[in-house]
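*Asks:* only the shape, not the letters, is given here:
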């Protein structure tokens, strides 16, 4: 199980607002099975088997291209550990005392 | 006003769990004035004047050093726009349809 | 073709120096076919077909686990464009005037 | 002394190519004193006193705004250690065996 923070950024769209592209990405994520996710102000966090999560990341990376964008930057951070199971909720609880 | 996503990562701590260091960073942030913040599973998002937020980032970057760590990686992404005011809540609402 | 910047960060290693883990990752990359790569001070940049590059990223993400590490953070940024072919060298030349 | 990897990304520019904005950032960096830098395919790495480097980061973050852009994402990773002096060249040499 991995926890992955991901950002999809379309470039050259002509307007500073890119939320419609990100909303389309979120629509894809919410239909995927076998993962859990949480939308945060600047990223989306996805929890699941790493191979499965990376398949979803590839899908959402392609979303702006399908909507006419010619260049996309997608950033992600994979957090994986073998000493114990982690979860998105546990990660927040462990630092907010 | 900027919205900044930040991560402080202490290296070489001897244990895979680093949440006590991050909890100390959150303690600092919660006492700071003139900013708003939100803890997410893999980051903390801070909203405020950019100079002010970067002062806070420098403070929390130093926290693990004060706790005996010898190397710290701090990653941040600054999102700033001049076309309109944005907020952490508006950013989430605009993509979750 | 995509250009991908990647960082593998082992946590809890007990020492601030992590270069031996990164050197093992570079050893893997240099044996991979169908990609080009460049080591920079804080990252490795890999150029190739996106699916192929992500396979390599998954391989190097696992390297520290094979070397006894219990938690690994791997960050990557994918830059892909459809308007023209890009290369690592062209990207540097286009900004250094 | 810190080593900082930085990326400035202008959004909504109307064209997928953003290299002219990044070239303007590099022009600023090359005139700054007290720092060393290196341009890599997807980032610029700056070495120097952390406060000094963050001043430079703030300057280059503002460059696209001066050139008419309405939204800028700037990502950076700070790598600072107290156990020994590091340099951009030493970091590459330590992993390329």
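*Replies:* Structure's in. What do you need? Source: prediction; values computed, not measured.
*Asks:* between helix C:50-66 and the helix or strand harbouring residue A:55, find me the angle.
*Replies:* If you go by DSSP states H and E, residue A:55 is part of helix A:50-66. Going by axes from the mean of the first three to the mean of the last three CA atoms, to 10 degrees, helix A:50-66 is angled at 150 degrees with respect to helix C:50-66.
*Asks:* up against chain B, what does chain A have?
*Replies:* Along chain A, the residues adjacent to chain B under the rule CB under 8 Å from any CB of the partner chain are A:3, A:5, A:7, A:16-17, A:19, A:22-23, A:25-27, A:38-43, A:45, A:77, A:79, A:81, A:83, A:88-89, A:91-92, A:94-97. Backbone N, C-alpha and C define where each C-beta goes, glycine included.
*Asks:* check the residues you listed against chain D, which are close?
*Replies:* Answer for those near chain D (CB under 8 Å from any CB): A:16-17.
*Asks:* which of the residues of chain A next to chain B count as buried?
*Replies:* A:3, A:5, A:7, A:16-17, A:19, A:22, A:25-26, A:38-43, A:45, A:77, A:79, A:81, A:88, A:91-92, A:95 (16 or more other CB atoms under 10 Å in any protein chain shown).
*Asks:* helices - which of these land there?
*Replies:* A:19, A:22, A:25-26, A:88, A:91-92, A:95 (DSSP state H).
*Asks:* ok, these vs residue C:32, which is closest?
*Replies:* residue A:25 (29.0 Å; CB to CB).
*Asks:* chain C contacts on chain A?
*Replies:* A:50-51, A:54, A:58, A:61, A:65, A:70-83.
*Asks:* please narrow these to those residing in strands.
*Replies:* Among the residues of chain A next to chain C, the members falling in strands (DSSP state E) are A:71-81.
*Asks:* what does the model give residue A:97 for pLDDT?
*Replies:* For residue A:97, the pLDDT comes out at 72.
*Asks:* equivalent analysis for residue A:30, please.
*Replies:* 97.
*Asks:* picking that back up, packing partners for the helix holding residue A:55?
*Replies:* Packing partners of helix A:50-66 (3 or more CB pairs under 8 Å, 6 or more residues apart in numbering or on different chains; DSSP states H and E): strand A:2-11, helix A:19-31, strand A:44-48, strand A:71-81, helix C:50-66, strand C:71-81.
*Asks:* and these as a markdown table, adding distance to residue D:32?
*Replies:* As requested, the helices and strands packed on helix A:50-66 are exported to a markdown table (distance: least, CB to CB, whole Å):
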| stretch | distance to residue D:32 |
| --- | --- |
| strand A:2-11 | 26 |
| helix A:19-31 | 34 |
| strand A:44-48 | 36 |
| strand A:71-81 | 26 |
| helix C:50-66 | 33 |
| strand C:71-81 | 25 |
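*Asks:* pull out the buried residues from stretch A:47-60.
*Replies:* Neighbour-count burial for stretch A:47-60 flags A:47-48, A:50, A:52-54, A:56-57, A:60 (criterion: 16+ other CB under 10 Å).
*Asks:* cool, and stretch A:30-37?
*Replies:* A:32, A:35, A:37.
*Asks:* thinking again about what came up before, and which of the buried residues of stretch A:47-60 is nearest chain C?
*Replies:* residue A:54 (6.2 Å; CB to the nearest CB).
*Asks:* now do the contacts for the closest one.
*Replies:* A:4, C:54, C:58 (CB atoms under 8 Å, 6 or more residues apart in numbering or on different chains).
*Asks:* same check on residue A:51?
*Replies:* residue C:58.
*Asks:* ok, it to chain D distance?
*Replies:* 25 Å (CB to the nearest CB, to the nearest Å).
*Asks:* for that residue, give its distance to chain B.
*Replies:* Separation of residue A:51 from chain B (CB to the nearest CB) stands at 19 Å.
*Asks:* likewise for residue A:74?
*Replies:* As judged by CB to the nearest CB, residue A:74 and chain B stand 13 Å apart.
*Asks:* surely that residue touches residue A:8?
*Replies:* Yes: Residue A:74 sits in contact with residue A:8 when judged by CB atoms under 8 Å, with a separation of 5.0 Å.
*Asks:* quick check: neighbours shared by those two?
*Replies:* Contacts common to residue A:74 and residue A:8, judged by CB under 8 Å, 6+ apart, are A:60-61.
*Asks:* what sits against the residue nearest to residue A:13 when sequence neighbours are not counted?
*Replies:* In space, and not counting its chain neighbours, residue A:13 is closest to residue D:12: 5.6 Å by CB to CB, 6 or more residues apart in numbering or on different chains. Residues near residue D:12 by CB under 8 Å, 6+ apart: A:12-18, D:69-71.
*Asks:* picking that back up, which of the buried residues of stretch A:30-37 sits closest to chain D?
*Replies:* Ranked by distance to chain D (CB to the nearest CB), the buried residues of stretch A:30-37 are led by residue A:37 at 21.5 Å.
*Asks:* got CSV for the contacts of residue D:12, with pLDDT too?
*Replies:* Converted to CSV, the contacts of residue D:12 look like this (pLDDT from 0 to 100):
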residue, pLDDT
A:12, 97
A:13, 97
A:14, 95
A:15, 96
A:16, 97
A:17, 97
A:18, 97
D:69, 98
D:70, 98
D:71, 98
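*Asks:* for those, which one is nearest chain C?
*Replies:* Here the nearest of those to chain C, counting by CB to the nearest CB, is residue A:12; it sits at 8.5 Å.
*Asks:* pLDDT below threshold where in chain A?
*Replies:* For chain A, applying pLDDT under 70 flags no range at all.
*Asks:* residues in contact with residue A:6?
*Replies:* With CB under 8 Å, 6+ apart, residue A:6 has these contacts: A:43-46, A:57, A:60, A:74-76.
*Asks:* dig out what residue A:5 forms beta bridges with.
*Replies:* residue A:45, residue A:77 (DSSP bridges).
*Asks:* thinking it is in contact with residue A:43, fair?
*Replies:* Yes: counting by CB under 8 Å, residue A:5 does reach residue A:43; the two are 4.8 Å apart.
*Asks:* between these two, what contacts are shared?
*Replies:* Counting by CB under 8 Å, 6+ apart, the shared contacts of residue A:5 and residue A:43 are B:40, B:42-43.
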